[in-house]
Structure formats: structure tokens, C-alpha cells
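S.K.: the sequence and its predicted three-dimensional model are supplied below.
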Amino acid sequence: MELYREDPYLRDAPAEVVALTDEGGIVLSQAIFYPTGGGQPGDSGWLEWGGQRLPIATTLKGEAGASVLVPAEPASLPPVGTPVMQVLDWERRHRHMRIHTALHLLSVVVPLPVTGGQVGAGTGRLDFLMPTPPDDRDGIEAALNRLVDRDLEVSDGWITEAELDARPDLVKTMSVQPPRGAGQIRLVRIGTGTEQVDLQPCGGTHVARTGEIGALKLGKIENKGKQNRRVHIALA
């Protein structure tokens, strides 16, 4: 069960170990740890059981999308069937959520096709199909922060693959297509009704309202080839 998707604000939750991978990873019955994907890093934190504490360095995506927890160091693992408490490095996760939502806003302010992106803990970037650099950096930063200050609601929903095929305009990313095969694709919406500013497929974790992002700074804009520009942002 993907608890991180049902409630991205969960900081800890009980679970049971259901599998150990050949590489030393741990799979739980329900996961608050987000697995690396969509440009967002996997979560870190720790597991607790029977007076033991195991640091988790990152989380990867396993079979059928399962979260595979990767220990930070070689250690004895809890056997299959062990009840554990999973605890997030919440501060790191929350910065990922703030930046990921901010990058959605950046794709609104810079309405160009996205060719790549990366979420970090306090910084992030999008690559755009942008032959010439923008001539109004201050204007982009100001527009970003105006969207933050509007404190727009961030929500999610689902669309069928057929519905998405009928609305190709929803897919902004040229380099990464939404995962298919499950029948439904998750959409993240920013704003509601006439206040809606963005709607696009995304499997990542986000804040509940844009005001939670806080002030943003526009970083360097790099030339990444004839047609591409890399735009960096950071939490102020």
C-alpha cells in the first residue's frame, strides 16, 4: 500500500516486513517511503523494531512499483514477518515536496515543453525546449512567487489512459512519459475552478497549498545545447 500517496504528510507508520531482496533491500506491507522516480529522490529515514534501529539511505522502486528500502550500512535486517515502525527523514521529504510543487509552478510561468527535471532537498531544476534564454529573469521569479503567495490548493485525481490519450496537452514532459499499464494515471492539480493554473500527470509528493512552498529564488539558467536551457530554482 502506498501510504505516501494517500497522505504525503505521514511521518511514521507501522508495517510488516513482507520481503527482503537479494541486494539487501526491505519491502514493507505499506510504505510511507517514496521510491525514486519522476525526478524526485527516494526517501530516507529509519526502521525501528525490538529495540533496534536501522538507518535507511534511500528508497528505490521494485517489482510492481513497490518501495524497496535501502539500508545506509551493512546490518542485520528484520526477518520477513517482523512488525516494524517506519520513520521518515521528514525535513528532507518536506523540502522535496515544496520543490516538486514549485517546479510545477515553474512550468506554468515558463510555458514551454519540458525536456527534463530534477527535484532536490531545497533546490530543483527543469530543462526547457528554449532556443534563446529569457530576457526577464526578475519577471520569472516574481511570477513564481505570486503563484506561491496565492496559496492555491494542490490536489490529485486519476485519469484513464484513454482519457489521457485524448488530452495530450496535459503531458508537459517530452523526456518522461507517464507510466502506463495500470489503467489509470495520477494527475496533480494546482488551483480549483477558475483559479486552476496547472494540471498534469505526476506520481510525486506535493504540499497541500502553494503558500507552504515559501519564497523562491530563480537560480542560474544554463545552456544545455542548441535548443535547451536548464532553469534552476531554490527555496529562499
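M.R.: That came through, no problem.
S.K.: middle-most residue in the chain, spatially?
M.R.: Among the residues of the chain, the one closest to the centroid is residue 204, at 3.2 Å (CA atoms, centre = their mean).
S.K.: model confidence for it, exactly?
M.R.: Per-residue confidence at residue 204 stands at 94 (pLDDT).
S.K.: and it, what element?
M.R.: Using DSSP states H and E, residue 204 falls within no helix or strand.
S.K.: can I assume it is in contact with residue 35?
M.R.: No. Assessed by CB atoms under 8 Å, residue 204 is found out of contact with residue 35, at 10.6 Å. In short, each C-beta sits where N, CA and C put it, glycine included.
S.K.: report the helix or strand with the lowest average pLDDT across this structure.
M.R.: The helix or strand of the chain with the lowest confidence, counting by mean pLDDT, DSSP states H and E, is helix 161-166 at a mean of 75.
S.K.: which strands and helices sit next to that one?
M.R.: Where contact means 3 or more CB pairs under 8 Å, 6 or more residues apart in numbering; DSSP states H and E, helix 161-166 is packed against strand 184-190.
S.K.: can you give me the buried ones in the longest helix seen in the chain?
M.R.: Looking only at the chain and at elements set by DSSP state H, the helix with the highest residue count is helix 90-109. Neighbour counts using 16 or more other CB atoms under 10 Å place 93-109 of helix 90-109 among the buried residues.
S.K.: can you give me the helices for the chain?
M.R.: Here the chain has its helices, by DSSP H, at 3-6, 90-109, 137-149, 161-166.
S.K.: so for the last one, what gets flagged as buried?
M.R.: Right, the one you point to is helix 161-166. For helix 161-166, burial by neighbour count (16+ other CB under 10 Å) applies to residue 164.
S.K.: tell me the gap between that helix and the middle of its chain.
M.R.: The chain centre lies 23 Å from the centre of helix 161-166; the measure is CA atoms, centre = their mean, to the nearest Å.
S.K.: also the third one?
M.R.: Relative to its parent chain, helix 137-149 has a centroid offset of 21 Å by CA atoms, centre = their mean.
S.K.: and it, what does it pack against?
M.R.: With contacts defined as 3+ CB pairs under 8 Å, 6+ apart, helix 137-149 has these neighbours: helix 90-109, strand 216-223.
S.K.: and what of the shortest one?
M.R.: Helices and strands touching helix 3-6, as assessed by 3+ CB pairs under 8 Å, 6+ apart, are absent.
S.K.: ok, back up a step: now render the helices and strands packed on helix 137-149 as JSON lines, adding mean pLDDT and distance to residue 22.
M.R.: Converted to JSON lines, the helices and strands packed on helix 137-149 look like this (pLDDT from 0 to 100; distance: least, CB to CB, whole Å):
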{"stretch": "helix 90-109", "mean pLDDT": "98", "distance to residue 22": "27"}
{"stretch": "strand 216-223", "mean pLDDT": "95", "distance to residue 22": "39"}
